[in-house]
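Enquirer: The sequence and its predicted three-dimensional model are supplied below.
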2 protein chains.
Amino acid sequence: MAAGSSMQWLRSVKGVILDMCGVLYDSGEGGGQAIHGSAEAVRRLIGSGLTVRFCTNETQNTRERFVQKLCVMGFDISVSHVFSPAPALIHILRERHLRPHLLVHDDLIPEFDSVDVSSPNCVVIGDAADNFSYQNLNEAFRVLIGLEKPLLFSLGQGRYYKETDGLKLDVGVFMKALEYACDVQAQVVGKPSAEFFQTVLSDMKLQPHEVVMIGDDLLNDIGGAQRCGMKGLQVRTGKYSQSRNVEQLILRK
Amino acid sequence: MAAGSSMQWLRSVKGVILDMCGVLYDSGEGGGQAIHGSAEAVRRLIGSGLTVRFCTNETQNTRERFVQKLCVMGFDISVSHVFSPAPALIHILRERHLRPHLLVHDDLIPEFDSVDVSSPNCVVIGDAADNFSYQNLNEAFRVLIGLEKPLLFSLGQGRYYKETDGLKLDVGVFMKALEYACDVQAQVVGKPSAEFFQTVLSDMKLQPHEVVMIGDDLLNDIGGAQRCGMKGLQVRTGKYSQSRNVEQLILRK
């Protein structure tokens, strides 16, 4: 992009969507820690008059607890400005009268307090971490294979993420496992789904070309945003520092 | 097939390869139980002068212990006539100077007693059952992703199997999970790999058109055999009784 057109494009930007893990903070034991300078950067973005929203595939907490955690790290973020997969899914479940069998993290369970989970007619998986035991996977599989038309929702489709004690498998890996077991294709709720980004854009009351998505994941953040007509900017924190990962994601695009 | 050509074909048959689980016995707690009449059928096949071999993707036991279990059920089977994935893999590991990280069933570990597992340069997964914990999957994943060229061997690629207490996820499901996590394709050792069937045919000293494969799995037994030029016959025991599974497998072919 020439310097002139770059400046022109920047002037047309009216809103910013920020990925959270790897952009605002690094996850890990004790909830993780803020990336140096990120809280101040968020304050300046909002202060500049841009419409700012936050978009995360985090499913190890309810949205409320997740935002509380970020506030403790020094961020000034409103719950209503944070878009995460679980509330988006609950909207779908209600619209389609679906009763999920949940294979999710214990701390996400309260998000589903108002949802009927009796006689399940679909399966929902999130980043369940240690709950991804053989027994729990078998249980989810049996529900799926017992349905006339197996219906699987996955809260994101990430491959892995980095915690302070090493790389950990993400929900997408177990989505692929259950997809293969039952010969179904999961419906992904969260990034990089176009519907998910569209919900955020609607809330911002902006057109895609007026919005920049900033993230560390080429597939879920940058690729997903670009497919919706937004610009995508990749930060050099979070996953970026894993050169292997970045190379693979570029090849995958 | 017309009756005449059917008879002609039957006369040309010189050997039989038998799948074991679902054909000779049903697996389950306490090791499972023989399918009524199967031990007698095996005796009659061998007595008729046909060359008989056994071909299984069983990886929850060493081959020796597995055959002992079948002997207790009333079968008269020689260990050297049983072909299973682990011994075939060990041959490959030795030829290629590979040192595996093992994610397998505890009872399969003794099969690898003679194999160097220090500083692993590949990952091997079998039907590890309860050993498919989140922690163990993360560990296998970290070994794989840490290799310059991730190398994953899977002992079979089954989707699921039936035990007396219900359906259970098979190794193929976790193979798909790790394939997705690391963006690699696993090398499958065992049925339906053509190399695996070829080893059995070489041992029988017969040509593919002279051999019938009898199994309950359309993909691993019948499909695999047909791709090698053998005839495949599906029994109505084991997986066959799950009409859903059969329909799906037919669609997949």
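Expert: Perfect, thanks for sending it.

Enquirer: Can you name the residues of the stretch 101-250 of chain A that neighbour chain B?
Expert: Neighbours of chain B within the stretch 101-250 of chain A, by Cβ under 8 Å from any Cβ of the partner chain: A:128-135, A:137-138, A:141-142, A:145, A:159-160, A:166-169, A:172-174, A:176-181, A:183, A:244, A:248. Every residue, glycine included, has its C-beta placed from N, CA and C.

Enquirer: Show me which of the residues you listed are buried.
Expert: Buried residues within these, counting neighbours by 16 or more other Cβ atoms under 10 Å in any protein chain shown: A:128-129, A:131-134, A:137-138, A:141-142, A:145, A:159-160, A:167-169, A:172-174, A:176-181, A:248.

Enquirer: Identify the residues contacting residue A:187.
Expert: Going by Cβ atoms under 8 Å, 6 or more residues apart in numbering or on different chains, residue A:187 touches A:151-154.

Enquirer: Who wins on neighbours among the residues you listed?
Expert: residue A:154 (27 neighbours; other Cβ atoms under 10 Å in any protein chain shown).

Enquirer: Enumerate every residue touching residue A:103.
Expert: A:123-126, A:128, A:131-132, A:136-137, A:139-140, A:174 are the contacts of residue A:103 under Cβ under 8 Å, 6+ apart.

Enquirer: Any idea what it is bridged to?
Expert: In this entry, residue A:103 is beta-bridged to residue A:125, by DSSP bridges.

Enquirer: any idea how far it is from chain B?
Expert: To chain B, residue A:103 is 12 Å away according to Cβ to the nearest Cβ, to the nearest Å.

Enquirer: any idea how far that residue lies from residue B:226?
Expert: Computed as Cβ to Cβ, to the nearest Å, the residue A:103 to residue B:226 distance reads 37 Å.

Enquirer: ditto for residue A:229
Expert: 48 Å.

Enquirer: And the pLDDT at the residue nearest in space to the middle of chain A?
Expert: Chain A has residue A:57 as the residue nearest its centroid, 1.6 Å off, counting by Cα atoms, centre = their mean. If you check residue A:57, the pLDDT there is 95.

Enquirer: so is it in a helix, a strand, or just coil?
Expert: coil (DSSP: H, G, I helix; E, B strand; the rest coil).

Enquirer: thinking it is in contact with residue A:188, fair?
Expert: No. Here residue A:57 does not reach residue A:188: they are 9.7 Å apart, not a contact under Cβ atoms under 8 Å.

Enquirer: Identify the contacts common to the two.
Expert: With Cβ under 8 Å, 6+ apart, residue A:57 and residue A:188 have common neighbours residue A:156.

Enquirer: Could you pull up the residues touching the residue nearest to the centre of chain A?
Expert: Shown in contact with residue A:57 (Cβ under 8 Å, 6+ apart): A:84-85, A:127, A:155-156, A:158, A:190-191, A:220.

Enquirer: quick one: low-confidence ranges for the stretch 101-250 of chain A?
Expert: A:240-250 (pLDDT under 70).

Enquirer: how close does the residue nearest to the centre of chain A get to residue A:115?
Expert: Taking Cβ to Cβ, one finds residue A:57 at 20 Å from residue A:115.

Enquirer: likewise residue A:219?
Expert: 29 Å.

Enquirer: more crowded one of these two?
Expert: residue A:219 (21 against 15).

Enquirer: Please look at the more buried one and residue A:192 and confirm they touch.
Expert: Yes. Contact criterion Cβ under 8 Å: residue A:219 and residue A:192 qualify, at 6.3 Å.

Enquirer: quick revisit: for the contacts of residue A:103, work out which two are farthest apart.
Expert: Using Cβ to Cβ, the contacts of residue A:103 span at most 15.0 Å, a distance reached by A:126 and A:139.

Enquirer: out of these two, which sits in the busier spot?
Expert: A count of neighbours by other Cβ under 10 Å puts residue A:126 above the other of residue A:126 and residue A:139, at 28 against 15.

Enquirer: So which residues of the stretch 151-253 of chain A form strands?
Expert: Counting by DSSP state E, counting those that start in this stretch, the segments of the stretch 151-253 of chain A that form strands are A:152-155, A:160-163, A:166-169, A:187-189, A:211-215, A:231-234.

Enquirer: sorry, back to before: narrow the contacts of residue A:57 to those in helices?
Expert: Per DSSP state H, helices hold the following members of the contacts of residue A:57: residue A:85.

Enquirer: which of the contacts of residue A:57 lies closest to chain B?
Expert: residue A:158 (9.7 Å; Cβ to the nearest Cβ).

Enquirer: Touching, residue A:193 and residue A:223? I think so.
Expert: No. Taking contacts as Cβ under 8 Å, residue A:193 lies outside contact range of residue A:223: 11.5 Å.

Enquirer: ok, these two, which is more surrounded?
Expert: residue A:193 (21 against 18).

Enquirer: Residue A:32: neighbouring residues, count only.
Expert: Residue A:32 has 18 nearby residues by other Cβ under 10 Å.

Enquirer: Quick check, pLDDT for it.
Expert: Confidence score, pLDDT, at residue A:32: 83.

Enquirer: Show the contacting residues for it.
Expert: Here residue A:32 is in contact with A:21, A:25-26, A:69, A:73, A:164 (Cβ under 8 Å, 6+ apart).

Enquirer: Going by distance to chain B, which of the contacts of residue A:187 wins?
Expert: Chain B lies nearest to residue A:154 out of the contacts of residue A:187, by Cβ to the nearest Cβ, at 11.8 Å.

Enquirer: Not including adjacent chain positions, what is the nearest residue to residue A:50?
Expert: residue A:16 (5.3 Å; Cβ to Cβ, 6 or more residues apart in numbering or on different chains).

Enquirer: If that neighbour is in a bridge, with which residues?
Expert: residue A:52, residue A:212.

Enquirer: Am I right that it is in contact with residue A:215?
Expert: No. Using Cβ under 8 Å, residue A:16 is not in contact with residue A:215; the gap is 11.0 Å.

Enquirer: Please say which of these two ends up with more neighbours.
Expert: A count of neighbours by other Cβ under 10 Å puts residue A:215 above the other of residue A:16 and residue A:215, at 30 against 21.

Enquirer: Quick check: the more buried one touching residue A:222?
Expert: Yes. Between residue A:215 and residue A:222 a contact is recorded at 6.1 Å, counting by Cβ under 8 Å.

Enquirer: Find the residues that touch each one of the two.
Expert: Among the neighbours of residue A:215, those also in contact with residue A:222 (Cβ under 8 Å, 6+ apart) are A:232-234.

Enquirer: What residue spans form the domains of chain A?
Expert: A:14-84+A:191-252, A:86-189 (automatic domain parsing).

Enquirer: Let me have those in JSON lines, adding distance to residue B:209 as columns.
Expert: Putting these into JSON lines (distance: least, Cβ to Cβ, whole Å) gives the following:
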{"stretch": "domain A:14-84+A:191-252", "distance to residue B:209": "43"}
{"stretch": "domain A:86-189", "distance to residue B:209": "32"}
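
Enquirer: Residue B:36: which of the ones you listed is closest?
Expert: Closest among the domains of chain A, using Cβ to Cβ: domain A:86-189, at 26.9 Å.
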